[in-house]
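>>> Quick check, what structure comes out for this input:
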Amino acid sequence: MDAKSRSYPSALSAPPTVGSARPPVHLAAVSATPMASANVAVAEAVPSLAAQADLRLGSRDGTGVAELLAGPLLAGRQRLCPRRRWLQTGTCHDGAPVLVPGSQGSVLIAGDTGMGKSYLAGLLAERWIDAGHAVLVVDPEGDHAGLAQRPAVHLVDAAARLPGPADLPAIARPGRASLVLDLSGLPGEAKTRYLRRLPAAVAAERAGHGVPHWLITDEAHLTMPDGDAPSGPGLAGPGTCIVTWRADTLPAAFRDTVDLTLTITTAPPAADASMAVPRAAISVNGQQPRPFTVAARISPHVRHQHKYMAEPLPPERRFYFRTPGEAGTAATLEEFSRHLRHCDPAILACHLSREDFSRWVTGTLAGHNLGKQPAAIERDLSQHHAAALERARHQIMHAIDSRYPGTAGDQDNT
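As a prediction, the model looks like this:
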């Protein structure tokens with residue numbers, strides 16, 4: 001099938017309904033999930049059945065059924081996306097819904113770091129999981145642990161126990177559950193090695209068991225080898241969602257044939273990051289991008305949670321408290337919180353007056369929205385401090401003038 005001529009694809013992985021003038025005939029097939037079913041009508045189907053069909057066969061009666069059974073659709077060489085299975089992930093300026101395929105599409109999420117790519121990837125994961133699909137979220141930086149709050153979603157934390165790539169998919173096999181693979185606790189080289197071994201294991205699991213229906217790979221540039229022939233997990237394959245700020249490292253063949261490209265254009269504007277949503281643009285099969293507002297998520301999104309909580313930052317990105325004598329250094333958020341809780345009020349006041357906290361959060365953690373909260377606190381404290389100074393000035397002047405009338409006026413005239 002010509003990649004440029006296809007619309008949003010979807011899988012035919014449940015029993016299709018074949019309609020004709022007779023009552024519907026159900027073809028025997030393995031059902032993955034009711035949400036991935038499709039209705040198929042033979043050529044002479046009555047209008048009422050044809051109107052409900054997702055696919056109209058070219059031949060009549062049993063000939064059409066035989067062609068379907070022996071054809072490329074059930075063999076996995078052709079993809080079909082029933083429009084009723086599309087899932088809304090945002091809204092355009094004119095109120096039109098932004099839809100993504102329910103299954104077997106290919107999606108690229110791109111944009112600068114810290115803009116909201118992982119937020120959008122998590123939203124897609126929520127939509128697919130709630131639709132009944134089994135999703136594997138490969139999470140190198142610990143952004144998606146909140147998805148484990150969804151029903152039938154398991155969290156695999158590499159810092160606690162990491163199964164081998166071949167053993168990982170089997171965890172989700174019972175009940176066709178979804179997995180979040182948190183690799184943020186692995187050192188960089190070990191993480192990259194694991195990521196490059198994972199695609200073969202996922203491909204084998206899909207061939208043998210039909211799952212996962214979706215593979216979401218965040219920070220996908222980490223899977224790219226150093227040579228001149230980049231490759232990655234399921235690139236351009238059905239049921240693949242690639243997330244990266246380095247889309248230039250992806251093969252040109254993938255960028256040219258991907259079904260949907262979602263590009264984050266504006267970071268969340270709200271001061272409360274938990275309530276904020278980014279803005280993006282959607283391009284279908286390489287067409288002109290259309291801007292939209294990303295829908296709100298249900299599960300919490302915490303950017304690089306394990307990385308910033310426990311993994312030490314390099315010296316140039318750490319926070320240095322101005323303590324008497326040797327400086328107090330915070331290499332992790334845990335250390336930062338401990339120093340902040342126990343530091344002397346004079347040290348706290350010094351950093352607040354210099355707006356050090358908001359600059360560190362925004363610059364080092366790339367938390368533009370989180371940084372707005374300490375910035376507002378710093379500004380509020382500065383304004384209150386200035387107002388308190390003026391109150392103190394006038395109160396002292398009033399006390400002196402009460403005892404020695406005219407003193408304040410004499411000082412104003414000097």
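
>>> pretty sure L80 is touching L55, no?
Yes: at 5.8 Å, L80 and L55 qualify as touching, with contact defined as Cβ atoms under 8 Å. Every C-beta, even on glycine, is put in place using the N, C-alpha and C of the backbone.

>>> And these two? Which one has more around it.
Taking other Cβ atoms under 10 Å, L80 and L55 do not tie; L80 has more neighbours (20 against 16).

>>> Just say helix, strand or coil for the more buried one.
Under DSSP: H, G, I helix; E, B strand; the rest coil, the three-state class of L80 is coil.

>>> What separation is there between it and W214?
Using Cβ to Cβ, to the nearest Å, we find L80 at a distance of 16 Å from W214.

>>> likewise I400?
Per Cβ to Cβ, I400 is found 75 Å from W214.

>>> Between the two, tell me which one has more neighbours.
Higher neighbour count among I400 and W214: W214, with 28 against 13, using other Cβ under 10 Å.

>>> Now the phi/psi pair for the more buried one, please.
phi -130, psi 140 (degrees, to the nearest 10).

>>> And D259, by the same measure?
Torsion angles at D259 (phi, psi; degrees, to the nearest 10) stand at phi -70, psi -50.

>>> same thing with I242?
According to degrees, to the nearest 10, I242 has phi -110, psi 130.

>>> That one - how many residues pack around it?
29.

>>> wait, it sits on V107?
Yes: judged on Cβ under 8 Å, I242 makes contact with V107 at a distance of 7.2 Å.

>>> any common contacting residues for the two?
Jointly contacting I242 and V107 under the rule Cβ atoms under 8 Å, 6 or more residues apart in numbering are V258.

>>> Check which helices and strands the helix or strand hosting P374 sits against.
Taking DSSP states H and E as the definition, P374 sits inside helix 368-403. With contacts defined as 3 or more Cβ pairs under 8 Å, 6 or more residues apart in numbering; DSSP states H and E, helix 368-403 has these neighbours: helix 345-353, helix 356-364, helix 407-413.

>>> I'd like the mean pLDDT over stretch 383-392, please.
Mean pLDDT, stretch 383-392: 84.

>>> gap between that stretch and the chain center?
44 Å (Cα atoms, centre = their mean, to the nearest Å).

>>> Surely I216 is in contact with L136?
Yes: between I216 and L136 a contact is recorded at 7.1 Å, counting by Cβ under 8 Å.

>>> The residue nearest to P97 when sequence neighbours are not counted bridge partners, please.
Leaving out its chain neighbours, the residue that sits closest to P97 by Cβ to Cβ, 6 or more residues apart in numbering is Q88, at 4.5 Å. Beta-bridge partners of Q88, counted by DSSP bridges, are L99.

>>> My read is that Q88 contacts V294, right?
No: counting by Cβ under 8 Å, Q88 does not reach V294; the two are 10.8 Å apart.

>>> which one of these two has more residues nearby?
Set Q88 next to V294 and count neighbours by other Cβ under 10 Å: V294 wins out with 23 against 11.

>>> still on that earlier bit, can you redo the helices and strands packed on helix 368-403 as TSV with distance to E335?
Putting the helices and strands packed on helix 368-403 into TSV (distance: least, Cβ to Cβ, whole Å) gives the following:
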stretch	distance to E335
helix 345-353	15
helix 356-364	13
helix 407-413	50
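
>>> burial of T293, as a residue count?
15.

>>> How about the one 3 residues further on?
The local packing count at A296 equals 11, with neighbours defined by other Cβ under 10 Å.

>>> any idea whether it is helix, strand or coil?
Classification of A296 using three-state DSSP returns coil.

>>> How about the contacts made by the closest residue in space to A152 that isn't next to it in sequence?
Nearest non-adjacent residue to A152, counting by Cβ to Cβ, 6+ apart: A177, 4.7 Å away. Taking Cβ under 8 Å, 6+ apart, we find A177 in contact with A134, A152, V153, H154, I171.

>>> What confidence value was assigned to A177?
In this model, A177 carries a pLDDT of 93.

>>> Phi and psi next, for it.
Phi and psi for A177, reported as degrees, to the nearest 10, are phi -80, psi 170.
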